[in-house]
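[1] Make a model of this:
(one chain, ligands or ions: 2)
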Amino acid sequence: MKVVKTLGQFIIEKQADFPFAKGELSRLLRDIGIAAKIVNREISKAGLIDIIGETDSVNSHGERQKKMDVYANEQFISALRSGGECCVVASEENDEHILIESEISKHAKYIVAIDPLDGSSNIDVNVSVGTIFSIYRRKSTEGAAKLEDVLQKGTEQVAAGYVIYGSSTMLVYTTGKGVNGFTLDPSIGEFCLSHPDIKMPKDGYIYSINEGYYAHFPLGVKKYIKYCQVEDETTNRPYTSRYTGSMIADIHRNLIKGGIFLYPTTAQYPNGKLRLVYECNPMAFIVEQAGGTASTGYERILDLDVNELHQRSAIFIGSENMVKRAEDFMLAFS
Ligand code: AHM
Ligand code: MG
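    Ligands and ions are numbered 1, 2, ... in the order given. Modelled structure (predicted):
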């Protein structure tokens, strides 16, 4: 009989990787896992909202039903607040970072950055959405934590992960020692280890980009897209194009199968659309830990200075050789 390993068991086992740790990070990851299950439960009912009670109405618990991204934001913040292991939460949904000032939390050593529901416009049409999280160690040693504690480079991440609410729900995370994926078994309500030690193929045949913006891409990106489309047997081209509009779904697929996801600068987003703190850095950490690469087209995402909470960046992320080739085009045509 196959032995099932739950996320909780796995986290406890892996604590041995950090001999001086006191279990705070493990508890923090556990808190995130619990919030993910609650959000998953609500997302799976998204299409029923019109049937079981309209969005602007009060539900059977006397609560006003909320847009799913607001709901997810509240769930994650409240799980982190009551867990006591995190002193600051920065969320893509909030303009400012949130200090958690309860007696147990204010001395906590971790900072969490979170995109509670990425790709949320996809919910209405039943396409996968996700949660992205990133964990940093607090740097300041006195008083309340500060904005600077959140504005750390991606290389300072202690852990990062995502939850994909898809045909099944998965939680994938890294603490800097490889990447592991857990699938939610709804019958027991537990995330179970299903994808141990994920390794991203060095090459792939999938490219993911919103080609609707083609006219506004930098020349290097235009040339790279054309390269992807040219027939060449030795490199398996033309590549396949896949783009859902949900970054986690696109990157998750490419992580497993091999591929590249690009969100370059465009006329509408001259610095790129995706947020460095909430989206690019955590996904870059995970992809690098799986053997892939994440770049702005010119430099490593994880090395970028972080000056603002909602700073944006262009991103080229995926299989190492594909990202390198795209960077070659950027250099050649800039
Ligand atoms: P969001 O944080 O507002 O959901 O936006 C992020 C999403 C990504 O998941 C996705 O890759 C991208 O926006 C899609 O943008 P576009 O519609 O411009 O292609
Ligand atoms: Mg987002």
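[2] How about the contacts made by the residue of the stretch 51-200 of the chain at minimum distance from ligand 2?
    Nearest residue of the stretch 51-200 of the chain to ligand 2 (Cβ to the ion) works out as residue 118 at 3.7 Å. In this view, the C-beta of every residue, glycine as well, is placed from N, C-alpha and C. Residue 118 makes contact with 92, 129-132, 246-248, 278-279 under the criterion Cβ atoms under 8 Å, 6 or more residues apart in numbering.
[3] go with 6 Å
    When contacts are counted by Cβ atoms under 6 Å, 6 or more residues apart in numbering, residue 118 is found next to 130, 132, 247-248.
[4] Flag the shaky bits of the chain, pLDDT-wise.
    The model of the chain has pLDDT under 70 over residues 19-21, 49-66.
[5] Within range of ligand 1, give me the residues from it.
    92, 115, 118-120, 210, 245-247, 273 (Cβ under 6 Å from any ligand atom).
[6] Most neighbours out of those, which is it?
    Using other Cβ atoms under 10 Å as the neighbour criterion, residue 115 leads the residues of the chain next to ligand 1 with 30 neighbours.
[7] Would you agree that one falls within a helix?
    No - according to DSSP: H, G, I helix; E, B strand; the rest coil, residue 115 belongs to no helix; its state is strand.
[8] Please name the bridge partners of it.
    residue 132 (DSSP bridges).
[9] what ranges do the helices span in the stretch 201-334 of the chain?
    Remark: helices assigned in the stretch 201-334 of the chain by DSSP state H, counting those that start in this stretch are 219-229, 247-257, 281-289, 320-332.
[10] right, is the shortest one up against ligand 2?
    No - under the criterion of Cβ under 5 Å from the ion, ligand 2 is not reached by helix 281-289; the shortest gap measures 10.5 Å.
[11] which helices and strands does that helix pack with?
    strand 129-137, strand 159-165 (3 or more Cβ pairs under 6 Å, 6 or more residues apart in numbering; DSSP states H and E).
[12] roughly how far out does it sit from the chain middle?
    With Cα atoms, centre = their mean, to the nearest Å as the basis, helix 281-289 stands 8 Å off its chain's centre.
[13] Could you tell me the angle between that helix and strand 159-165?
    Helix 281-289 and strand 159-165 are oriented at 100 degrees to each other (axes from the mean of the first three to the mean of the last three Cα atoms, to 10 degrees).
[14] try the first one
    Angle of helix 219-229 versus strand 159-165, following the same axes, to 10 degrees, is 60 degrees.
[15] Give me the residues contacting helix 219-229.
    207, 238-239, 264, 326, 329-330, 333-334.
[16] That one: which residues count as buried?
    Neighbour-count burial for helix 219-229 flags 220-225, 227-228 (criterion: 16 or more other Cβ atoms under 10 Å).
[17] got the angle between that helix and helix 320-332?
    Using the same axes, to 10 degrees: helix 219-229 against helix 320-332 is 140 degrees.
[18] Nearest residue to the residue of the stretch 51-200 of the chain found nearest ligand 1 in space, please, no chain neighbours.
    Per Cβ to the nearest ligand atom, residue 119 is where the stretch 51-200 of the chain lies closest to ligand 1, at 3.8 Å. Excluding the flanking residues, the one nearest residue 119 by Cβ to Cβ, 6 or more residues apart in numbering is residue 246, at 3.2 Å.
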